[in-house]
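S.K.: can you look at this prediction? I've put the sequence above it.
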Amino acid sequence: MIRSFLSLLLCVGLTFGLGGCVTTSLPMAAASPWNSQKLGIESNPLDVAFTNESHGFLVGSNRLVMETSDGGETWEEREIDLPADENFRLISIDFNGDEGWIAGQPGLLLHSDDAGQSWSRLLLDTKLPGDPYLITALGSKKAELATNVGAIYQSSDAGKSWQAEVVDAAGSVRDLRRGDDGRYVSVSSLGNFFSTWDPGQSNWQVHQRVSSQRLQSMGYQPDGQMWMVTRGAQLRFNPEGGDYEEWSKPVIPITNGYGYLDMAWDPQGNIWAGGGNGTLLVSSDGGKEWEKDPVGTATPSNFTRFVFLGGNKAFALGERGAILRWVG
């Protein structure tokens, strides 16, 4: 009776403090829309993009480049001509038809106009603030490049020249995302604040975090509102469009000792949260109730990123060659 009473008190305390009673276990979903793949490599996949429905590339740490011709069912390693003495981290890839771009660190930017069959290295100004972090293909010969200190540049001549879009950089970042409408949100390297930038603004706008928990990652929901993941396995949603100071109470689907690293929405509107040690959760009611995904749970990897490419093409990227492919 004493234990039950103490458990009740704990739950009531958490209800007032966190907006709900958290749990250390969740039900397992009856089925999974994911198929587990092991690439047979030790590198970490970091991004994926396709030229068409079947043909695409996956990039990652240790110069990783892999190519698929069957929609991602199978992958083969691909060599790109880069200096042998430099261990590049290929962090971002994007295509617009047959024209593709790869951003890497340190100081690497590649361009292709033949669906990735050949790549040319673009020379970057030595005064470029920071290292390439995110590349977005915007159209024929046009792309937008963001660096790991929040500098944003656009090119309209296949990368021969770049025009700065922001006067001052945001400072060192741990996470940087771009919305479909061209807005950006960045999380500071220490996770103690975040910054936003809208097209046409000359500077980043700084915002303080909403709790003592440090920020892990942030991004945009399908309706344009924002989401955030913080330390302590907390998820928050931005209920008021444009008001970056208003956030929901924290949602804590499960306390299993592992944090969350990314969130995403699938084509059916379900919310996915991924994190350490096979943590892969799904909610079909806007984040009120959650289930564990059986395929993710059986995959001993840290899920660092979701990539939904439109339609039914999506991937959950893990570490050391572990990825999940969306099969619906």
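M.R.: Structure received. Numbering: from 1, shown residues only.
S.K.: and Thr23, what's its pLDDT?
M.R.: The predicted structure scores Thr23 at 53 on the pLDDT scale.
S.K.: please report phi then psi for Val282.
M.R.: phi -140, psi 140 (degrees, to the nearest 10).
S.K.: need the pLDDT of it.
M.R.: In the prediction, the pLDDT value recorded for Val282 is 97.
S.K.: and it, what does it touch?
M.R.: Ala29, Asn270, Ile271, Trp272, Ala273, Trp290, Glu291, Asp293 (CB atoms under 8 Å, 6 or more residues apart in numbering). All C-beta atoms are positioned from the backbone trio N, CA, C, and that covers glycine.
S.K.: thought the second one was touching Ser283?
M.R.: Just to be clear, that refers to Asn270. Yes. Asn270 lies in contact with Ser283 (CB atoms under 8 Å); the separation is 6.6 Å.
S.K.: of these two, who's got more company?
M.R.: Remark: of Asn270 and Ser283, Ser283 carries more neighbours, 18 against 15, as counted by other CB atoms under 10 Å.
S.K.: for the more buried one, which residues are in contact?
M.R.: Counting by CB under 8 Å, 6+ apart, the residues that Ser283 touches are Pro253, Asn270, Ile271, Ala273, Glu289, Trp290, Glu291.
S.K.: same deal with Ile135?
M.R.: With contacts defined as CB under 8 Å, 6+ apart, Ile135 is in contact with Ser92, Ile93, Asp94, Trp101, Ile102, Ala103, Leu109, Ala143, Glu144, Leu145, Ala146.
S.K.: from the residues you listed, pick the one nearest Thr126.
M.R.: Each of the contacts of Ile135 was scored against Thr126 by CB to CB, and Leu109 proved nearest at 13.3 Å.
S.K.: following the least confident helix or strand in the chain by mean pLDDT, which helix or strand comes up?
M.R.: One helix or strand of the chain scores below all others by mean pLDDT, DSSP states H and E: helix 2-18, with a mean of 41. Sequence-wise, the next helix or strand downstream of helix 2-18 (DSSP states H and E) is strand 34-38.
S.K.: right, and the helix or strand after that following strand?
M.R.: strand 45-50.
S.K.: what comes into contact with that next one?
M.R.: The list of residues contacting strand 45-50 from outside it, by CB under 8 Å, 6+ apart, reads 39, 56-61, 64, 72, 89-95, 100, 304-305, 307, 309, 313, 315, 317-318, 321, 323.
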